[in-house]
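[1] Got a sequence here, can you build the structure:
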Amino acid sequence: MIQSQPLVSPARRPAGLPAPTVPDDDSARPSEASPLRLALRRALAGELVSPSALRALERLGQTRALRAGETLLRAGEAPVEHLWLLLDGLACTGKRDARNRWWQSRELVDGDWIDVASSWREPAVALETVVAQTPALACAFPASAVLALCDGEPGLMHALVRALADQLAAATLAKQALLTRDVTARLAAWLLEQHEAAGGAATELVLRQQKRLIASQLGITPETLSRTLKSLQDQGLVRMDHYRVLFRDLAQLRRLAARVPPLYSR
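    Below is the predicted model of the structure:
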């Protein structure tokens, strides 16, 4: 694997070294438009995190540039000593099975926590493999230093607990979908989630991932994905144009997404 070159950034330092003492002045802070500042704002949105806690996180951050296809974390790898946040680009999480087939669980965009759970566990082992889909920039925050910072910053602790809860809820809902929804319902729900993530107003969606990755995230084969997309198109719900999905009947798509077999409807 080709190793990426880390960015030259005031926030970067070699892994394992303690956080340096940085003067608390404007010259030591990332700019308002820096990838680190923007990603933290998105990751901590809606939480009462104090400016001092935000600045402390910025000083702790260690940025790392990733090339497309590069692995950031590998499932089962230990020890995991950092919380990871995606600053820029696209990444995905998942695992490979015994036949080396990739099964994706999540797609990540800038401002998403990549792994906010593994470092808190015992043993601290990576739960999933993380791969950059495009050239990307990630930031690591030493877990021990973040935990110490939380002692005097309840807003930051609340934000991290919320992030953990959000990821747990997403994983639970994904598992429930595999158990209770047929393939068509799963795909309809996934398309609606992408539509909402894009703002919920546009009538078309550009798929950012290869179809084989989308299929793995839904727990199906690429062939099944193609057949199901064609079925939705034949029903007049969407129209496919390569990687563009044109929505033609969102109401019916929502009804399909809510459909569950009778066994699970009680």
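
[2] Show me where the chain has its strands.
    Remark: strands assigned in the chain by DSSP state E are 62-66, 71-73, 82-88, 91-96, 102-108, 113-115, 129-132, 136-142, 204-206, 238-241, 244-247.

[3] pull the CA atoms of the first one into CSV?
    Right, the one you point to is strand 62-66. Taking C-alpha atoms only, strand 62-66 is exported to CSV below (Å, rounded to 0.1, in the frame of the first residue of the first chain):
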residue,chain,number,x,y,z
GLN,A,62,-3.4,15.5,14.3
THR,A,63,-4.2,15.7,10.6
ARG,A,64,-3.5,13.0,8.1
ALA,A,65,-3.8,13.1,4.4
LEU,A,66,-5.2,9.9,2.7
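
[4] which other helices and strands contact that strand?
    For strand 62-66, the packing partners by 3 or more CB pairs under 8 Å, 6 or more residues apart in numbering; DSSP states H and E come out as strand 136-142. Bear in mind the C-beta positions are built from the backbone N, C-alpha and C, glycine included.

[5] So G76 sits against E128, correct?
    No: contact criterion CB atoms under 8 Å: G76 and E128 do not qualify, at 9.6 Å.

[6] These two: who's more crowded?
    E128 (21 against 11; other CB atoms under 10 Å).

[7] tell me the contacts of the more buried one?
    L73, A75, T93, G94, K95, S105, D115 (CB atoms under 8 Å, 6 or more residues apart in numbering).

[8] at 6 Å instead, please
    E128 is in contact with A75, T93, K95, counting by CB atoms under 6 Å, 6 or more residues apart in numbering.

[9] go on, C150?
    By CB under 6 Å, 6+ apart, the contact list for C150 reads L156, M157.

[10] gap between it and P79?
    20 Å (CB to CB, to the nearest Å).

[11] could the strands of the chain go into a markdown table alongside mean neighbour count and distance to L156?
    Output for these, formatted as a markdown table (neighbours: other CB atoms under 10 Å; distance: least, CB to CB, whole Å):
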| stretch | mean neighbour count | distance to L156 |
| --- | --- | --- |
| strand 62-66 | 22 | 18 |
| strand 71-73 | 19 | 23 |
| strand 82-88 | 25 | 11 |
| strand 91-96 | 19 | 24 |
| strand 102-108 | 19 | 21 |
| strand 113-115 | 21 | 13 |
| strand 129-132 | 23 | 23 |
| strand 136-142 | 24 | 11 |
| strand 204-206 | 14 | 34 |
| strand 238-241 | 15 | 42 |
| strand 244-247 | 16 | 38 |
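
[12] can these go into TSV with extra columns for mean pLDDT?
    Listed next are the strands of the chain as TSV, based on pLDDT from 0 to 100:
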stretch	mean pLDDT
strand 62-66	95
strand 71-73	95
strand 82-88	95
strand 91-96	89
strand 102-108	85
strand 113-115	93
strand 129-132	94
strand 136-142	96
strand 204-206	87
strand 238-241	89
strand 244-247	90
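
[13] hang on, V131 packs against T71?
    Yes: contact status for V131 versus T71: in contact at 5.4 Å, counting by CB atoms under 6 Å.

[14] Okay, and the beta partners of the most centrally placed residue in the chain?
    Central residue of the chain (CA atoms, centre = their mean): L108, 2.9 Å from the mean position. Beta-bridge pairing for L108 (DSSP bridges): A91.
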